[in-house]
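*Asks:* task: produce atomic coordinates for the following.
(chains A and B)
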Number of protein chains: 2
Amino acid sequence: MTQDKSISATAFLMNGRDGPYSYAENSSYQRKAIEATQGMISKGLWRNLGCSVGPNTFIAIQNIIDGIKQKNKSQGHSSQIPEFQVFFNDQALNDFNKLFMSLPPNREYFASAVPGSFYSHLFPKASLHFVYSSSSIHWLSKVPKPVEDMNSPTFNKGRVHYGGDMESFLSARAEELVSGGLMALLVPTRKKGNLSTILLHHPFDVLGCCLMDMAKKGLLDEEKVDSFNLPLYIPTLEEFEEAMKCNEHFSIERFELLGLKSSGEIVPETLSMHPRATMEGRISEHFGSEILNELFDLFTKKAAELGICNSGNRFDAELFVLLKRK
Amino acid sequence: MTQDKSISATAFLMNGRDGPYSYAENSSYQRKAIEATQGMISKGLWRNLGCSVGPNTFIAIQNIIDGIKQKNKSQGHSSQIPEFQVFFNDQALNDFNKLFMSLPPNREYFASAVPGSFYSHLFPKASLHFVYSSSSIHWLSKVPKPVEDMNSPTFNKGRVHYGGDMESFLSARAEELVSGGLMALLVPTRKKGNLSTILLHHPFDVLGCCLMDMAKKGLLDEEKVDSFNLPLYIPTLEEFEEAMKCNEHFSIERFELLGLKSSGEIVPETLSMHPRATMEGRISEHFGSEILNELFDLFTKKAAELGICNSGNRFDAELFVLLKRK
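*Replies:* Below you'll find the predicted structure:
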């Protein structure tokens, strides 16, 4: 799954050590510093939700580092600012070359990239202090099997699969985070209710309608559209909360629905950029890249018709969750 | 500088931690384990010098890990085998996507990539246990300024620049390695003597002759050939030893000239693969990619004519150096 690094990269942050053999001591100090910045981190991440085509992850990382530095300064520990090492993770097929070329030149951390699925172990035990994942964990590890059977109760299976994936994600991170380490997640959620009604106005559903329209016009093979399944599940707030509470490794420090303050300003052209950025590779692979322009032109028109840019019609909302490793 | 990952990647190895807050203890244990494998590591790296187009770095990393595991087993500590985290480093322009796609699927370590020059700091302080660099540090940080002045005593300036680069390399690694950590280097060296005679049979010099031949035939602009300088310096054994002894951070544990046992078997076509793998990008950028095939055909012919594949005519030799952080 190739995703636009600017909006979906998952970052793992490890504070560097200040000297040989002093990890235990520093680790405890750094952990406290990170814990103390919880409020600022939450505020900082929130602040950046609007810039959906900007280098969100880099900005979020800088916010976290700024928070720690600010706290250190206010406590008179300016000289004790630790070094930071940041790991950017995505699937091995991601364009890491592009990521490396776009790293901020004046960054205050050592950057590295880790390829692989975040549903598996990616790091040694107890080696991370902070994990940040934005709009990523609604991507499932794979398309749930029953979805490929057209008569199956698809959505229910999707939910079951989501629960399993969340468990894998949380238990992998639980091993990798130090005790007291933090994990900040930004998770898209949807309102409770009948999924088929609710998803009518979800951008990915609109994309599905556009593909069907193109198939009806004979521009695409209808069977190909039927077999195009996204390994994607948008949970309700309640489902996500349940998955969080089931795990025994983390305590929930914050759980805030962020709302969509800027929704009123979104124009359909802007709205189409997100699905295009995240889906282009997958669509090209399945249908061929020649359909892309027509498909997203159609998407923009349909989004305007349905009024999905109007906040009153939107059924999704971003959730900010801060977890602490017990 | 884009280099073929299979022959020139530099790898940084950090043993993972076995549990929260136990770094100091484990670090000391793991360090001892690594130290105890010195002989095996040396043997393992040697063993792989022959396969010049194979994935050398991956094999070398596996050798190091095997050495540590074997030592642990022989001492009855099988259950204490630490986790390994390996960082592959190269310039930001390197093709890291290709590297990630070619990682051994059954690897016994967590892999990550770090972009940037190894003449600068790449990691937090005291965060590495083992550094391995094969046939990389003869690439300078840049073309020394005086080389661009055609009347300058070029080679001497090259040597001065090499000394400065080695100092940067060693002091950066000294900060990043834990006390007692090891650094294994494979370094190409040349015999002492008049450089202009000695380099006559060096593959990169043969490449220079081929470029001049093509310029004489009008296939290339002669001025372009003159301005094509490689940021490359092959030291003599003595020069390298001097650079090592100047530094105060490392003790020299091993210093072995490996010889070139397999030289007799090299055919010119094989010999041309190394310069092509490492130089293709740079040559394309300067002259255009259309000259590549003709250039390397010419190289193969000239290498055969000069008999540079015959071990008796070769002036270079690989040096294995094992350094320990004081």
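
*Asks:* touching, A:Phe296 and A:Ala277? I think so.
*Replies:* No - counting by C-beta atoms under 8 Å, no contact exists between A:Phe296 and A:Ala277, whose distance comes to 10.6 Å. (Each C-beta comes from the backbone N, C-alpha and C, glycine too.)

*Asks:* what about A:Asn72, how many neighbours?
*Replies:* Other residues near A:Asn72 come to 20 when the count uses other C-beta atoms under 10 Å in any protein chain shown.

*Asks:* now for the one helix or strand it maps to, which elements pack on it?
*Replies:* Remark: A:Asn72 resides in helix A:56-74, with elements defined by DSSP states H and E. The criterion is 3 or more C-beta pairs under 8 Å, 6 or more residues apart in numbering or on different chains; DSSP states H and E, and the helices and strands that helix A:56-74 contacts are helix A:5-8, strand A:10-15, helix A:23-36, helix A:38-47, strand A:84-90, strand A:128-134.

*Asks:* so what angle separates the directions of it and strand A:84-90?
*Replies:* When axes from the mean of the first three to the mean of the last three C-alpha atoms, to 10 degrees is applied, the directions of helix A:56-74 and strand A:84-90 differ by 160 degrees.

*Asks:* buried residues in helix A:56-74, which are they?
*Replies:* Of all the residues in helix A:56-74, those buried under the rule 16 or more other C-beta atoms under 10 Å in any protein chain shown are A:56-65, A:67-69, A:71-72.

*Asks:* okay, who's weakest in those by pLDDT?
*Replies:* Model confidence across those bottoms out at A:Asn56, which has 67.

*Asks:* that older thread, nearest to chain B among the buried residues of helix A:56-74?
*Replies:* Of all the buried residues of helix A:56-74, chain B sits closest to A:Ile65, with 13.3 Å by C-beta to the nearest C-beta.

*Asks:* could you pull up the residues touching the closest one?
*Replies:* Counting by C-beta atoms under 8 Å, 6 or more residues apart in numbering or on different chains, A:Ile65 makes contact with A:84, A:108-109.

*Asks:* could I have the buried ones of these as PyMOL selection syntax?
*Replies:* If you want just the buried ones from the contacts of A:Ile65 in PyMOL, going by 16+ other C-beta under 10 Å, the selection is:
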select buried, chain A and resi 84+109
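
*Asks:* can you narrow the contacts of A:Ile65 down to the ones near chain B?
*Replies:* Filtering the contacts of A:Ile65 for proximity to chain B by C-beta under 8 Å from any C-beta of the partner chain leaves A:Phe84.

*Asks:* got TSV for the contacts of A:Ile65, with pLDDT and distance to A:Met166 too?
*Replies:* Below are these laid out as TSV (pLDDT from 0 to 100; distance: C-beta to C-beta, whole Å):
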residue	pLDDT	distance to A:Met166
A:Phe84	87	28
A:Glu108	90	32
A:Tyr109	90	28
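
*Asks:* give me the buried stretch members for stretch A:121-131, please.
*Replies:* So, applying 16+ other C-beta under 10 Å, buried residues of stretch A:121-131: A:121-131.

*Asks:* so which of those residues also contact chain B?
*Replies:* Applying C-beta under 8 Å from any C-beta, the subset of the buried residues of stretch A:121-131 adjacent to chain B comprises A:121-127.

*Asks:* and which of these is nearest to chain B?
*Replies:* Taking C-beta to the nearest C-beta as the measure, chain B lies nearest A:Pro124 of these, at 2.3 Å.

*Asks:* just the strands from chain A, written as ranges.
*Replies:* Ranges of strands within chain A are A:10-15, A:84-90, A:110-115, A:128-134, A:177-190, A:250-257, A:316-325, based on DSSP state E.

*Asks:* show me what the fourth one is packed against.
*Replies:* Other helices and strands packing on strand A:128-134, by 3+ C-beta pairs under 8 Å, 6+ apart, are strand A:10-15, helix A:23-36, helix A:56-74, helix A:154-176, strand A:177-190.

*Asks:* the fifth one too?
*Replies:* Packing partners of strand A:177-190 (3+ C-beta pairs under 8 Å, 6+ apart): helix A:23-36, helix A:38-47, strand A:128-134, helix A:237-246, strand A:250-257, strand A:316-325.

*Asks:* just the buried residues of the fourth one, please?
*Replies:* By that I understand helix A:237-246. A:237, A:239-241, A:243-244.

*Asks:* which of those lies closest to chain B?
*Replies:* Of all the buried residues of helix A:237-246, the one sitting nearest chain B is A:Met244; the distance, using C-beta to the nearest C-beta, is 21.8 Å.
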